[in-house]
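[1] Just the structure for this:
(one chain, ligands or ions: 1)
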Amino acid sequence: MKLIIGSDHGAVDLKEEVKRVLKEEFAEVEVEDVGTFGTESVDYPDVAEKVCTPVANGEADRGIVLCGTGIGISIAANKIKGIRAALCHETYTAKMSREHNNANVLAMGGRTTGFEIADEIVRTWMKTEFAGGRHERRVNKIMALEAK
Ligand SMILES: O=C[C@H](O)[C@H](O)[C@H](O)COP(=O)(O)O
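    Numbers count the residues shown, from 1 in each chain. Sure, this is the predicted structure:
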């Protein structure tokens, strides 16, 4: 699996923490960090585009996007055709976003979610498979909305 991760200046520390968890517990996953790498202000839609375009076109399998709240970057991510980004603050929604919605992008907030909870969200989101069945029909309808 290839995963792309990116954040704005509001979540650089959280990005490092998420990368640590991925490296330690999901060593088989190839992780690409598209930045940002410092405290200088950057615009989260640009980060969302860098992470999500390769996911949408099949060059990567999953993405993780981070900003101060996770709100702006998840909104931007979901504008990209083929992206189903889920903003998660706890593990239940992380699990459901994979099981029911087949989310291919996880969003979190560096100013809203502490490291311990974020670590659990990432573990859950990475391990949970899409359940298919009735959920597949609904996800297909979501994707069909993009064509209208
Ligand atoms: O939803 C947007 C994110 O939370 C951004 O990280 C936030 O708006 C950036 O704010 P500022 O430019 O004040 O650091």
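
[2] any chance you could map the helices in the protein?
    12-25, 44-56, 71-77, 91-99, 115-127, 134-145 (DSSP state H).

[3] How much space separates the most centrally placed residue in the chain from residue 79?
    Centroid-nearest residue in the chain: residue 106, 2.2 Å away (criterion: C-alpha atoms, centre = their mean). Applying C-beta to C-beta, to the nearest Å, the value for residue 106 to residue 79 is 17 Å. (C-beta placed from N, C-alpha, C; glycine too.)

[4] Over to residue 94?
    Going from residue 94 to residue 79 by C-beta to C-beta gives 22 Å.

[5] Residue 37 too?
    25 Å.

[6] Please apply the same query to residue 119.
    Distance from residue 119 to residue 79, by C-beta to C-beta: 28 Å.

[7] can you pull the contacts of residue 120?
    Residue 120 is in contact with 91, 94, counting by C-beta atoms under 8 Å, 6 or more residues apart in numbering.

[8] how does it look with 6 Å?
    Each residue near residue 120 by C-beta atoms under 6 Å, 6 or more residues apart in numbering is listed here: residue 91.

[9] just the one 4 residues further on next, same as before
    With contacts taken as C-beta under 6 Å, 6+ apart, residue 124 has the following neighbours: 91, 94, 95.

[10] Many thanks, have a good one.
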